[in-house]
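Engineer: Need a 3D model of the sequence below.
(chains A and B)
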There are 2 protein chains.
Amino acid sequence: MQFEIIHQSKRSRARVGKITTPHGVIHTPNFVAVGTNGTLKALDNQTVNSIGLELMFCNTYHLLLQPGTKVIKDAGGLHNFIQRDMPIITDSGGFQVFSLAYGSVASELKSQGTKSNKNSVVKISEEGVLFQSYINGSKVLLTPESSIQAQKDLGADIIIPFDELPPYHIDKKALERSLDRTHRWEKRSLDTHIKNPQGQAIYSVIHGGIHDDLRAKSCKYLTNLPFDGYAIGGSMGKNKQEMHTMLANLLPQIPPEKPNHLLGIADLDSLKANIPLGIDTFDSSYPTRAARHGTLFTKRGDIKIRSGKYSSIHKPIEEKCRCATCQLYTLSYLNHLFKAKEMTALVLASIHNLHFMVNHMKETRNEILMNNI
Amino acid sequence: MQFEIIHQSKRSRARVGKITTPHGVIHTPNFVAVGTNGTLKALDNQTVNSIGLELMFCNTYHLLLQPGTKVIKDAGGLHNFIQRDMPIITDSGGFQVFSLAYGSVASELKSQGTKSNKNSVVKISEEGVLFQSYINGSKVLLTPESSIQAQKDLGADIIIPFDELPPYHIDKKALERSLDRTHRWEKRSLDTHIKNPQGQAIYSVIHGGIHDDLRAKSCKYLTNLPFDGYAIGGSMGKNKQEMHTMLANLLPQIPPEKPNHLLGIADLDSLKANIPLGIDTFDSSYPTRAARHGTLFTKRGDIKIRSGKYSSIHKPIEEKCRCATCQLYTLSYLNHLFKAKEMTALVLASIHNLHFMVNHMKETRNEILMNNI
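Structural biologist: Numbering: from 1, shown residues only, chains lettered A, B, ... in the order given. All right, here's what the predicted structure looks like:
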């Protein structure tokens, strides 16, 4: 993997860059869509390729349990299996395993969750995490080594070391112990990767929750290891302001010559707030999930397509939008399809929102090139 | 509408024909896919156009209630509204209205249903049917005149007169009374249509259940009226043999110089059995519904894609199939997507089965041209 900074904004830490991977180029900053099971929900990968999504996020945890990494390896790797000829990033499985331990990690990250014991995690130890498959109840041991091996079988362009995801409401001492173990796990992940790089890049995951000192410690430790880039993970705080403050303190400590990635956050407000901090890539399932719930992105703000006010507007979602949906279909038709509970509605809405994000990032890069961001 | 018989098989009553409509040609015999709400489930109309489906069936009942025919008329008609530039046929709404009265008409037709009073039909009279909208509870009067007016607003290439659909378990006297009323309703529908043809064709619906004498009576009455073609509706009997026997007796009585259509039946067995009788078009939601349930059509028979035996077969559904799904994706990937409950699975399976049907009918026409059918 190569990373080149094309332009550093004169107005902020925002930069325009270019990550070159074995499956092509990712222009940064960019949005990374989530295709958990090797597909974006409601879209096939040919459609996704044609929209021009440059990086797709797949979840090792899900693919490990179904169909299993052996099937995917035998298919010639994830790109072949899912028919995507553009870059893919996989995570370590840690996020999903710990979400079983703590209820919804997403809720935890927003400090809404409480630790749940109704989970499938059997044992967490220095070695790794033993859990039960939600598919067939079999026990699976996920360790730094097995996570990396799984990601070798998948063969994504960018992989992520195994980390622990502590809950938001953990006390600082416990968080620090977790951080230390995460660092040991990330080092073991890196060591496993280095034995057989396979042309893949590996990003570390900087942890430390909302504690600036722990983030600084994590950043210092991880940036001294030969990772190819830096992801920012763990709890981002209970609101967007807390996240922004944490990121504003952290980003200047991350070496600028390597790409970085913000895990799990890519709503439009967060993009606007945090691109000026110099973040390169952002992943989120939000744009496609919003689409399936009838929230369509436009330059004039989100619209709720189910609203009766669109029932007889015979115009596209956005007049100037060049997505396949706006080229053909009207607000009125989309309103009808949503009201009639037609699956086609979810397909067409997902195409629009994904195209919107790809286009939004392209425009954002142009704004940075002109030093407007 | 023009109908031309290109070839009459020397081996059977099967014929190859060509129906020319304001939105293009329908080669016959052909399969007609059902897009109840103005879309095939899980597919958008651009995809359907590209697969080459020559005739699409939309349901007036559903479109009348949601979004309403005014919205569609204002959009410039159904073709514009749903972005289909190939022929469309609409039904009268009768089938759905009476399915409310008798439980599932589909079950009734198979003689599995029992008359249900838990329905929304308020009153059936000589004038028409008063029923309650399942969407907002408002009362709607569907008459021969209002059904035709609705179909004028929709603007399909082929429309169907309003008929009564009696249940399978009706006694013959009652069926005959129903048949007489259906004939009066069809005549009123035709009279309404003739005042304002709008370039649309209108097919009559031949009724009479499984009684050959009533079918003959219906055929005689309706073929003496200036309809543009003949649909065969009503109860088809309790199994495929009963249907075939009824059709074998009926078809020779239908004037061959106009196109005919079998309503609601297009499984592969029924196509094989009844194309030699000279039926021109067949509609059914079965191929796309089967796809969504994981039943994929192939020349070697149906396959159940969820079966574990496909989990690591890295080949397309059919090696020689030219559909978008088979061009890219493997049985293994499709098996995975179905198991992971991904909506994309339903999209890709629907593309394959629809393409299979279009191609199957093309091959069937070639077989007729060679007098092999």
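Engineer: near chain B, which residues of the stretch 1-150 of chain A show up?
Structural biologist: A:37-46, A:62, A:66-67, A:70-71, A:74-76, A:81-83 (Cβ under 8 Å from any Cβ of the partner chain). In this view, the C-beta of every residue, glycine as well, is placed from N, C-alpha and C.
Engineer: which among these end up buried?
Structural biologist: For those, a burial check counting by 16 or more other Cβ atoms under 10 Å in any protein chain shown picks out A:37-46, A:62, A:66-67, A:71, A:74-75, A:81-83.
Engineer: Could you pull up the residues touching A:Gly208?
Structural biologist: Taking Cβ atoms under 8 Å, 6 or more residues apart in numbering or on different chains as the contact definition, A:Gly208 lies against A:175, A:179, A:214-219, A:234.
Engineer: I figured A:His360 hits A:Ala266, correct?
Structural biologist: No. Under the criterion of Cβ atoms under 8 Å, A:His360 lies out of contact with A:Ala266, with a separation of 10.2 Å.
Engineer: Which neighbours do those two have in common?
Structural biologist: Taking Cβ under 8 Å, 6+ apart as the contact rule, A:His360 and A:Ala266 both touch A:Phe31.
Engineer: between those two, which one's more packed in?
Structural biologist: Taking A:His360 and A:Ala266 together and counting by other Cβ atoms under 10 Å in any protein chain shown, A:Ala266 has the greater number of neighbours (23 against 17).
Engineer: that's a strand at that one, yeah?
Structural biologist: No. Counting by DSSP: H, G, I helix; E, B strand; the rest coil, one finds A:Ala266 to be coil, located in no strand.
Engineer: what about it, distance to A:Thr330?
Structural biologist: The spacing between A:Ala266 and A:Thr330, counted by Cβ to Cβ, to the nearest Å, is 28 Å.
Engineer: Please apply the same query to A:Leu40.
Structural biologist: Distance check for A:Leu40 against A:Thr330: by Cβ to Cβ, it reads 24 Å.
Engineer: can you tell me which residues contact A:Pro276?
Structural biologist: Residues near A:Pro276 by Cβ under 8 Å, 6+ apart: A:9, A:11-14, A:373.
Engineer: Please name the spatially closest residue to it (chain neighbours excluded).
Structural biologist: Counting by Cβ to Cβ, 6 or more residues apart in numbering or on different chains, A:Pro276 lies nearest to A:Ser12, which is 3.7 Å off, once chain neighbours are set aside.
Engineer: and the one you found, how many neighbours does it have?
Structural biologist: Here the number of neighbours of A:Ser12 (other Cβ under 10 Å) works out to 15.
Engineer: Does it touch A:Ile373 like I think?
Structural biologist: Yes. Taking Cβ under 8 Å as the definition, A:Ser12 is a contact partner of A:Ile373 at 6.0 Å.
Engineer: Can you tell me how far A:Val32 is from B:Asn335?
Structural biologist: Computed with Cβ to Cβ, the distance linking A:Val32 and B:Asn335 is 27 Å.
Engineer: again but with A:Ser178, I slipped
Structural biologist: 38 Å.
Engineer: the more surrounded of the two?
Structural biologist: When A:Ser178 and B:Asn335 are compared on other Cβ under 10 Å, the one with more neighbours turns out to be B:Asn335, at 25 against 22.
Engineer: Leaving out chain neighbours, which residue sits closest to the more buried one?
Structural biologist: Going by Cβ to Cβ, 6+ apart, B:Asn335 has B:Tyr310 as its nearest residue, at 4.3 Å.
Engineer: List the residues that contact that neighbour.
Structural biologist: B:Tyr310 makes contact with B:303, B:331-332, B:334-335 under the criterion Cβ under 8 Å, 6+ apart.
Engineer: Go again with 10 Å.
Structural biologist: For B:Tyr310, the contact set (Cβ atoms under 10 Å, 6 or more residues apart in numbering or on different chains) comprises B:296, B:303-304, B:317, B:330-336, B:338.
Engineer: With respect to B:Gly199, which of those is nearest?
Structural biologist: For these, the residue nearest B:Gly199 by Cβ to Cβ is B:Leu296; the value is 38.3 Å.
Engineer: any idea which helix or strand comes after the lowest-mean-pLDDT helix or strand in chain A?
Structural biologist: Sorted by mean pLDDT, DSSP states H and E, the helices and strands of chain A end with helix A:105-109, the least confident at a mean of 51. If you walk from helix A:105-109 toward the C-terminus, the next helix or strand you reach (DSSP states H and E) is strand A:121-124.
Engineer: so what does the helix or strand following that following strand touch, helix or strand wise?
Structural biologist: The C-terminal neighbour of strand A:121-124 among helices and strands, as given by DSSP H and E, is strand A:129-132. Strand A:129-132 makes packing contacts with helix A:94-101, strand A:121-124, strand A:139-142 when contacts are defined by 3 or more Cβ pairs under 10 Å, 6 or more residues apart in numbering or on different chains; DSSP states H and E.
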